[in-house]
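what's the 3D shape of this:
(one chain, ligands or ions: 1)
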Amino acid sequence: MKLYDLDVSGNCYKVRLFAALTGIPLDLVPVDFSKDEQHSSLFTDLNPFQEVPVLVDGETVVRDSQAILVYLACSLSDQRW
Ligand SMILES: N[C@@H](CCC(=O)N[C@@H](CS)C(=O)NCC(=O)O)C(=O)O
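Coordinates of the predicted model:
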């Protein structure tokens with residue numbers, strides 16, 4: 001799973017923390033806000049809200065930290081939503 005991430009973001013941090021505590025490996029993809037990457041067309045295609053975090057798991061894209069936490073929790077018990 002890929003996490004589009006900003007290191008100083010609390011919303012990203014809670015996702016990284018949950019994944020670390022539960023042993024879910026994440027490939028971190030830094031989004032460089034100093035270069036305005038969150039507004040680039042590449043990132044906007046992924047998340048029209050132009051915000052991090054974004055989780056990509058195959059075809060599934062989750063665009064909100066709370067939703068990502070639920071998604072990861074469900075993946076632990078193999079539930080699908
Ligand atoms: N509801 C969103 C809010 C995410 C959010 O506010 N992300 C901030 C960073 S913490 C962001 O990407 N802001 C975009 C900007 O400042 O251009 C979530 O919890 O995932």
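
for stretch 52-67, how far is the first residue from the last?
Stretch 52-67 has an end-to-end distance of 12 Å (C-alpha to C-alpha, to the nearest Å).

looking at this, residue 49 is in a strand?
No - secondary structure of residue 49 (DSSP: H, G, I helix; E, B strand; the rest coil): coil, not part of a strand.

Show the contacting residues for it.
Listed by C-beta atoms under 8 Å, 6 or more residues apart in numbering, the contact set of residue 49 reads residue 63. Using the backbone N, CA and C atoms, a C-beta is placed for each residue, glycine as well.

Tell me, how many residues neighbour residue 17?
Residue 17 is flanked by 11 other residues according to other C-beta atoms under 10 Å.

That one sits in which helix or strand?
helix 10-22 (DSSP states H and E).

residues in the chain within reach of the ligand, list them.
6, 9, 11, 38, 50-53, 64-66 (C-beta under 6 Å from any ligand atom).

quick one on the thing from earlier: contacts for the helix holding residue 17?
Against helix 10-22 from outside (C-beta under 8 Å, 6+ apart): 3, 5-6, 24-26, 28, 51-53, 55, 65, 68-69, 72-73, 76.

Residue 68 contacts residue 53, doesn't it?
Yes - counting by C-beta atoms under 8 Å, residue 68 does reach residue 53; the two are 6.1 Å apart.

any shared contact partners between those two?
3, 15.

neighbour-wise, which of these two wins?
Using other C-beta under 10 Å, the more surrounded residue of residue 68 and residue 53 is residue 53, with 27 against 24.

Quick one, which of the residues of the chain next to the ligand are buried?
6, 9, 38, 51-53, 64-65 (16 or more other C-beta atoms under 10 Å).

the helices in the chain, which residues?
With helices called from DSSP state H, the chain shows them at 10-22, 41-46, 65-76.

Let me have these in CSV, adding mean pLDDT as columns.
CSV is the format used below for the helices of the chain (pLDDT from 0 to 100):
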stretch, mean pLDDT
helix 10-22, 97
helix 41-46, 97
helix 65-76, 96
